[in-house]
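Participant: sequence? don't have it. structure:
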């Protein structure tokens, strides 16, 4: 049937689709892509696993679920998932996802990327997609630095933290991502850490089944990029810190959930709301009027 | 029934008196464009305004994005969801778009980008004409790739060539640039829109094998791989990283070599299918005027003036500016004594003509922008070159 002479993955693909992989989650992972590129102790494997479990919990149609990533360590998640997956340019996952969603609203479009990607180079896209209430789920893994390039400061680096570009300690004030999302009108805002595996999974599954612009921040370990210069220690020790200093505060105003170096980590679901999406408004305000008037003025 | 009505409304068959920007939007709709993501910018705003009004009438989506970077990214997403998609802009916006034009080239995504050229660099002359983005259109994004750019000379061609831009983008699976200029975009003339059945449309190749058998970046003999939509069940990976036939990242010279060669060659080796030009009084010409866009209209007048004075001038008018018609210019080099290249810049297509002129002199008639060239200016250059 195929005319290809290149590498064939068909038999492995078939086995996975039929649930005959070596691991129960194999059906969700793209064949031939593991081992992943992430460092030992990195939280991205946990975030990926939580996501795969959430896909199952929410009973998502895998043929209709798309993941869009930007650039960076988290950006690589798209490539490991056995879904329609798009690894785009730095910061541009949200507008790419916007195009996908608007043309085919049947698709469940999920943006999965890092803090530098979404909130520095892509910050403008985030705030406008939230303002429009674009029907997208945005999952941001926040490791407080640019990991892929070796540990530089980013828009979430806490004051006082050391990075390769903050050799005297970071003096820029960081974003509180959850507050930013809330302020821009996101209909769902939650924050967890990679220690909160089940809460992350449940939050993802809950958000997958909601409409509107939904945002989940996952605080992640980054022992190589962030842990080492700040003497936080291994991934395990960072996880211990997450366990000991995290405080669950559901429903609080996200502006109170500011993160500081060495301070407590406020986690929980901060926003769970409804408002008309971009397409709801478009249909109500534009398409109905065109249908009524006939739009004959062309 | 509703769908058919919508389709009828997409093609406004008949005689119209419209400007180039509006004709461009109508050409897009006639070509099947159903997604427009853009950002206002003079002198291309009328394209977006027309699309905002017209797309909802034909079941399409108009969205004004937060900037041109987002517009271009949204186009790529829209295309992967299966739509024919377009944006329109001018120099400053085009500069922002080249990032994701590069992604579009790398992940082979059909879409159309209209650049209505104004005077640059930077903010330059927002309301006044320029033709200085020719090389940016060709080389704007980093890395090697093949470029297709069309150059309309009239509102009618803003309509016709926009349809062709969509057809080429679907056929060759890449962003295609409509390199228009302010003069043609804001010029109002008769535009004939034919019946829908007479408009030839090309769609992208779809996979003919099951998802399990499909290698998304394995090209056919024409160097172009079939393209599935998101949601079709193929569940493919698409990345701007160098990738293999499976679409998997492959960071090696062994993977990069065939991929990038193919991205260049699919245009280069198919140039004969893409290149389009028009000749006027070239048969016995000894002076070849090579021009495009608004300048080509003026050049035609200058050629007529020269002929009246007994100078054997002819015009080669480029309708596709990239790929450049190298073969035809080399042929002309054997025929003519001199080339004259009028364009509103310091010398851009001039370089291409020089490259193909095989030792024949090339006279550039340049103007930095802000107004169109006059027939007299071009005629003077032709007369001087011919003597």
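Facilitator: On my side now, so go ahead. These numbers were taken from a predicted model, which means no experiment stands behind them.

Participant: Model confidence for residue B:168, exactly?
Facilitator: Residue B:168 carries a pLDDT score of 98 in this model.

Participant: just the one 10 residues further on next, same as before
Facilitator: Reading off the confidence values, residue B:178 has pLDDT 98.

Participant: close enough to count as contact, it and residue B:150?
Facilitator: Yes: using C-beta atoms under 8 Å, residue B:178 is in contact with residue B:150, at 5.5 Å. Placement of C-beta: from N, CA and C, glycine included.

Participant: Identify the contacts common to those two.
Facilitator: Common neighbours of residue B:178 and residue B:150, using C-beta atoms under 8 Å, 6 or more residues apart in numbering or on different chains, are B:161, B:165.

Participant: Near residue B:309, how many other residues are there?
Facilitator: Applying other C-beta atoms under 10 Å in any protein chain shown, we find 12 other residues in the vicinity of residue B:309.

Participant: which one is it nearest to, not counting chain neighbours?
Facilitator: residue B:383 (7.0 Å; C-beta to C-beta, 6 or more residues apart in numbering or on different chains).

Participant: Please name the residues that touch residue B:102.
Facilitator: A:89, B:141, B:142, B:143, B:145, B:240.

Participant: For chain A, just list every one of the helices.
Facilitator: All helices of chain A, identified by DSSP state H, fall at A:10-17, A:44-57, A:77-80, A:93-103, A:115-116, A:123-132, A:177-184, A:197-208, A:235-245, A:278-282, A:288-293.

Participant: do the stretch 151-300 of chain B as well
Facilitator: Secondary structure of the stretch 151-300 of chain B (DSSP state H, counting those that start in this stretch): helices at B:155-172, B:182-185, B:253-268, B:271-274, B:293-308.

Participant: Would you mind finding the most buried of these?
Facilitator: The highest average neighbour count among the helices of the stretch 151-300 of chain B, using mean count of other C-beta atoms under 10 Å in any protein chain shown, belongs to helix B:182-185 at a mean of 29.

Participant: Return the distance of that one from the chain's centre.
Facilitator: On the basis of C-alpha atoms, centre = their mean, to the nearest Å, helix B:182-185 sits 15 Å off its chain's mean C-alpha point.

Participant: which strands and helices sit next to it?
Facilitator: Applying 3 or more C-beta pairs under 8 Å, 6 or more residues apart in numbering or on different chains; DSSP states H and E, one finds that helix B:182-185 contacts helix B:20-31, strand B:111-119, strand B:125-129, helix B:155-172, helix B:293-308.

Participant: now the ones you listed in TSV, with distance to residue A:76?
Facilitator: Shown next, in TSV, are those (distance: least, C-beta to C-beta, whole Å):
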stretch	distance to residue A:76
helix B:20-31	36
strand B:111-119	25
strand B:125-129	41
helix B:155-172	29
helix B:293-308	43
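
Participant: Can you check which of the helices of chain A gets nearest to chain B?
Facilitator: Checking those against chain B by C-beta to the nearest C-beta gives helix A:93-103 as the closest, at 2.8 Å.

Participant: Run a quick neighbour tally on residue 197.
Facilitator: Went with chain A since none was named. If you count neighbours by other C-beta under 10 Å, residue A:197 ends up with 15.

Participant: should've been chain B
Facilitator: Other residues near residue B:197 come to 8 when the count uses other C-beta under 10 Å.
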